[in-house]
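Participant: Test case, fold it:
(one chain, ligands or ions: 2)
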Amino acid sequence: MRDFTVLGLETSCDETAASVVRGRAPGPGEILSNVVLSQLEEHAPYGGVVPEIAARAHVEVLDRLIEEALAQAKLELSDLDAIAATAGPGLIGGVMVGLTTAKALALASGKPLVAINHLEAHALTARLTHGATFPFLLLLISGGHCQLLAVEGVGKFKLYGSTIDDAVGEAFDKTAKLLGLAYPGGPNVEKLAKNGDGKRFSLPRPLRGRGIADFSFSGLKTAVRQIAKGESFKESDRADLAASFQRAVLDILMDRSRIAMEMFRKDFPDEAAPDFVVAGGVAANRAIGDAIQKLCEENGFNKKIPPPGLCTDNAAMVAWAGVERSQLGLFDGLGVAPRARWPLSGSSQGGEPDREDTGKGLAC
Ligand code: KG4
Ligand code: ZN
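Facilitator: Ligands and ions are numbered 1, 2, ... in the order given. Purely as a prediction, here's the structure:
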């Protein structure tokens, strides 16, 4: 099997990104360029991402980023095997900008289009960086998602557990806000937690002891709010609360991961030392990475976490998902629709019939 070279575009949230990646499954692949422009400043005054502002900002910079990504890779459009773009899930205005641009490029260059599920792109990143092999267990922790899944192949996922309320990144961001830290809160909470005592405040571990791999973070968030808004809470307590929150999150993630490891062992009894992949923005957290390492050593899994810059949103992961799909001939027609919602499991993936089912899954 030959190498594939794919341009990837990412515009589903507040990062505009373009990247060229070359390689073949199972990886690792080669990142020829990886340009990411964050819209942090545009959204900062609002303390979160404003969809309309995000979509407009993507329109303004995407053309330039694509030119830059191709120039850094020293390639022309004609050198590519395919054009890939995130087609969902995400903020629909932004997704439309990236997908429509990719369609225009595909039409103009005669190259095939690959419509990428953003979550699948996160899921497959550890193959780009580490050559992770199927089947592997995936902990997907981002601003919008918190799931444990078995990844059996491209487009082939089995859900073990997911959040029944907030995503873990959201819990980090809301805790950051309560502690007066800037958005996006995850990295700032992690920094502050380093100087704090994680045992100082007693916080709940929702769903613990139930033997299921689902998550819940809203009770934890409420408990953090009650402490932070309490009369006796002082500026000097902030680091202790950040550390106590992060410790609670760690406990929850490790408890559910351990349960999912058992589920995975039952489903794949022949896998002697399977990979345990952590993906999504929250995977950039060092304390979480260290705890996962220990858990993997205890349970005979191989920890594979991409470097921080490839855990948070980027286009190299989209280009890589494009490489994997191109290799399997899983291309999409120019009629493929953007999707605000697009779950990894329970919906059709892998080029199965309902991928072209235009309109379904759109929240707007
Ligand atoms: O994957 P991502 O870049 O965007 C989504 O698809 O959601 O994830 C962003 C999330 C944000 O909630 C951010 O606060 C969180 O990832 N995050 C972190 C860290 N870095 C980013 N959370 C905890 N610790 C970090 N170091
Ligand atoms: Zn993401």
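
Participant: Show me what the helix or strand bottoming out on mean pLDDT in the chain packs onto, helices and strands only.
Facilitator: Least confident helix or strand of the chain, by mean pLDDT, DSSP states H and E, is helix 40-43 with a mean of 82. With contacts defined as 3 or more C-beta pairs under 8 Å, 6 or more residues apart in numbering; DSSP states H and E, the packing partners of helix 40-43 are helix 51-73. (Each C-beta comes from the backbone N, C-alpha and C, glycine too.)

Participant: quick one: the helix it packs on to chain centroid distance?
Facilitator: 20 Å (C-alpha atoms, centre = their mean, to the nearest Å).

Participant: Alpha carbons only: can I get the helix or strand following it in CSV?
Facilitator: Using DSSP states H and E, the next helix or strand after helix 51-73 towards the C-terminus is strand 82-88. Extracted C-alpha coordinates of strand 82-88, given in CSV (Å, rounded to 0.1, in the frame of the first residue of the first chain):
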residue,chain,number,x,y,z
ALA,A,82,-7.6,14.1,-1.3
ILE,A,83,-9.1,17.1,0.5
ALA,A,84,-10.5,16.4,4.0
ALA,A,85,-12.6,18.7,6.3
THR,A,86,-14.5,18.4,9.5
ALA,A,87,-18.1,17.9,8.6
GLY,A,88,-19.4,17.8,12.2
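
Participant: Check what pLDDT the residue in the stretch 251-364 of the chain that ligand 2 sits nearest to gets.
Facilitator: Closest contact between the stretch 251-364 of the chain and ligand 2, by C-beta to the ion, is at D313 (4.5 Å). Here, the pLDDT recorded for D313 equals 94.

Participant: and if you look at E52?
Facilitator: For E52, the model assigns a pLDDT of 87.

Participant: before we move on, what about G351?
Facilitator: Confidence score, pLDDT, at G351: 30.

Participant: Likewise for E190?
Facilitator: pLDDT, read off for E190, is 98.

Participant: Could you do D354 as well?
Facilitator: On the pLDDT scale, D354 gets 29.

Participant: cool, P45 as well?
Facilitator: 79.

Participant: go on, E262?
Facilitator: pLDDT recorded at E262 is 98.

Participant: How about the one 3 residues further on?
Facilitator: The model reports R265 with a pLDDT of 98.

Participant: is it true that it lies in a strand?
Facilitator: No. Assigned with DSSP: H, G, I helix; E, B strand; the rest coil, R265 falls outside any strand and is helix.

Participant: sorry, back to before: surely the residue of the stretch 251-364 of the chain closest to ligand 2 is in contact with S19?
Facilitator: No. Using C-beta atoms under 8 Å, D313 is not in contact with S19; the gap is 11.3 Å.

Participant: tell me the strands in this structure, going along the chain?
Facilitator: 4-10, 15-23, 30-38, 82-88, 113-117, 136-141, 146-153, 156-162, 275-279, 302-304 (DSSP state E).

Participant: How about the second one and ligand 2, any contact?
Facilitator: No. Counting by C-beta under 5 Å from the ion, ligand 2 has no neighbours in strand 15-23; the shortest distance is 8.5 Å.

Participant: by contact count, what packs against that strand?
Facilitator: strand 4-10, strand 30-38, helix 51-73, helix 316-327.

Participant: which residues touch the residue of the stretch 201-350 of the chain found nearest ligand 1?
Facilitator: Nearest to ligand 1, among the residues of the stretch 201-350 of the chain, is G281, at 2.1 Å (C-beta to the nearest ligand atom). Counting by C-beta atoms under 8 Å, 6 or more residues apart in numbering, G281 touches 141-143, 169, 184, 186, 311-313.

Participant: re the thing from before, can you tell me what sits against the least confident helix or strand of the chain?
Facilitator: Applying C-beta under 8 Å, 6+ apart, the set of residues contacting helix 40-43 is 14, 49-50, 53-54, 57, 183-184.

Participant: same question, stretch 321-334
Facilitator: By C-beta under 8 Å, 6+ apart, stretch 321-334 touches 1, 4-8, 21-25, 29, 81-84, 87, 103, 106-107, 112-117, 120-121, 124, 127, 154-155, 350-351, 355-356.

Participant: Could I get the buried residue list for it?
Facilitator: For stretch 321-334, the neighbour count (16 or more other C-beta atoms under 10 Å) marks 321-327, 330-332 as buried.

Participant: Just the ones in helices from the contacts of G281, please.
Facilitator: Counted as lying in helices by DSSP state H, out of the contacts of G281, are 169, 186, 311.

Participant: for the contacts of helix 40-43, which one is nearest ligand 1?
Facilitator: P184 (3.8 Å).

Participant: ok, how many other residues are close to the closest one?
Facilitator: 21 (other C-beta atoms under 10 Å).

Participant: In space, what's closest to it - neighbours in sequence excluded?
Facilitator: D173 (6.0 Å; C-beta to C-beta, 6 or more residues apart in numbering).
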